[in-house]
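K.L.:
let me see the structure of the following:
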Amino acid sequence: MTTEPTENEEIDRSPPIAVFLTGESYFQSAKYLRSGVETADLRLRFNMPIYYLYSHALELTLKAYLLSKGVTSNRLRSRDYGHKLKVLWDACLTEGFPHHPINDAFVANDRNS
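P.N.:
Next up is the predicted model:
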């Protein structure tokens, strides 16, 4: 039996650990920038790049979890998921991501605003 992909299959080149580690790198970069701003070693006109790095880190981490549960990269790139953090979060919960009281309270608070 061959494991070579057929002509119509796409090779998934994004294993969950690679996506997770990329997300961790974005998170570490955000922390580094935030630290530089807080200590006044770095001056930014806007803090949005820091928030972008944090949100992208979260997106990649959630996608890594979903990949580990068998969701395909193509599905995660679709309009159903894309960059929608709330949709990704709900999908992770559906796939068995453990509930935690702090996370649940945070998400519930966000829904009320």
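
K.L.:
which residues of this structure fall in helices?
P.N.:
16-38, 48-68, 73-77, 85-94, 101-112 (DSSP state H).

K.L.:
for the second one, what is the average pLDDT?
P.N.:
To tie it back to what came earlier, the one meant is helix 48-68. Mean pLDDT, helix 48-68: 96.

K.L.:
so which elements touch that helix?
P.N.:
Here helix 48-68 touches helix 16-38, helix 73-77, helix 85-94, going by 3 or more CB pairs under 8 Å, 6 or more residues apart in numbering; DSSP states H and E. From N, CA and C alone the C-beta is placed, and that goes for glycine too.

K.L.:
buried stuff in it?
P.N.:
For helix 48-68, a neighbour-count test (16 or more other CB atoms under 10 Å) marks 50, 53-54, 56-67 as buried.

K.L.:
cool, the fourth one as well?
P.N.:
Neighbour-count burial for helix 85-94, with 16+ other CB under 10 Å as criterion, is recorded at 88, 89, 91, 92.

K.L.:
cool, stretch 17-37 as well?
P.N.:
The neighbour-count check on stretch 17-37 (16+ other CB under 10 Å) flags 19, 20, 22, 23, 26, 27, 29, 30, 33, 34 as buried.
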